[in-house]
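Visitor: The sequence and its predicted three-dimensional model are supplied below.
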Amino acid sequence: MARYTKALCRLCRREGIKLFLKGDRCITEKCAFSRRSYIPGVQHVEAHSRKLSEYGRQLREKQKAKRIYGIMERQFKRYFNIANKKAGDTGLNLLKLLETRLDNVIFRAGFAKSRIIARQLVNHGKIMVNGKKVTIPSYQVKQGEVISVKEKASSLEIIRVAIEDAKKRGNTPSWLDVDYDKKEIRVKSEPTRTDIAIPVQEQLIIELYSK
């Protein structure tokens with residue numbers, strides 16, 4: 001499967017905001033965006049001062065959403081098509097599909113410090129859904145399902161440290177019920193728009209794909 005293999009910090013600089021793709025590093029002075037928040041490339045001064053067209057704004061919102069969730073164009077377009085066929089607000093449907101990916105749920109619950117790490121945990125068979133191993137990061141979790149860390153993986157430092165930090169923060173999404181001691185996540189409901197704390201204007205994405 002295609003994946004982005006270049007410098008992650010360039011993505012934050014291109015979008016003009018921190019996307020928190022590197023976990024803890026993004027909140028330290030080592031963060032590249034904190035030191036160089038301008039658009040990467042030799043033409044960054046001109047590009048930064050240039051006013052975006054309507055299409056440019058729509059494109060940037062789509063790119064931002066893709067990069068936050070770590071998915072490629074073809075998969076993102078498939079999510080849009082599914083969201084568009086469902087009843088209700090297409091933009092909200094799209095965000096719900098992205099937010100209920102298994103790798104994102106692991107990250108939101110605090111079992112991983114970034115979505116990239118969460119994806120690796122799933123790929124390597126460390127995560128179970130309803131007692132069965134799932135190795136597909138894009139797996140769509142549903143209300144009532146229980147996600148847990150495989151017993152043999154529960155002592156991994158990368159998981160243990162993430163959970164300790166999550167306990168201190170205490171900002172678990174309201175649609176998830178997290179038991180840090182058992183390392184279990186129960187999906188209580190679908191996320192609402194207020195639960196999806198990403199800086200994206202989904203309506204601009206819908207307008208882009210609706211042309």
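Guide: Here it is on my side, so go on.
Visitor: Which residues are in contact with the most centrally placed residue in the chain?
Guide: Nearest to the mean C-alpha position of the chain, by Cα atoms, centre = their mean, lies Tyr69 at 3.3 Å. Under the criterion of Cβ atoms under 8 Å, 6 or more residues apart in numbering, the neighbours of Tyr69 are 98, 101, 104, 115. C-betas here are computed from N, CA, C, even on glycine.
Visitor: which of those residues count as buried?
Guide: Burial by neighbour count, judged by 16 or more other Cβ atoms under 10 Å, picks out 98, 101, 104, 115 from these.
Visitor: JSON lines please, covering those residues and showing secondary structure.
Guide: JSON lines is the format used below for the buried ones among the contacts of Tyr69 (DSSP: H, G, I helix; E, B strand; the rest coil):
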{"residue": "Leu98", "secondary structure": "helix"}
{"residue": "Arg101", "secondary structure": "strand"}
{"residue": "Asn104", "secondary structure": "helix"}
{"residue": "Arg115", "secondary structure": "helix"}
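Visitor: Can you tell me the element Ile82 falls in?
Guide: Secondary structure here is read from DSSP states H and E; on that basis Ile82 sits in helix 73-85.
Visitor: typo on my end, it should be Thr172
Guide: Element membership of Thr172, judged by DSSP H and E, is empty: it is in no helix or strand.
Visitor: That one contacts Phe107, doesn't it?
Guide: No. Applying Cβ atoms under 8 Å as the test, Thr172 and Phe107 come out as separate, 11.8 Å apart.
Visitor: Between the two, which has more neighbouring residues?
Guide: Taking neighbours as other Cβ atoms under 10 Å, Thr172 and Phe107 compare with Phe107 leading, 24 against 16.
Visitor: Looks like the more buried one contacts Val122 (just checking).
Guide: No. Counting by Cβ under 8 Å, Phe107 stays clear of Val122, with 10.5 Å between them.
Visitor: Of the contacts of Tyr69, which pair is most distant in space?
Guide: Leu98 and Arg115 (10.4 Å; Cβ to Cβ).
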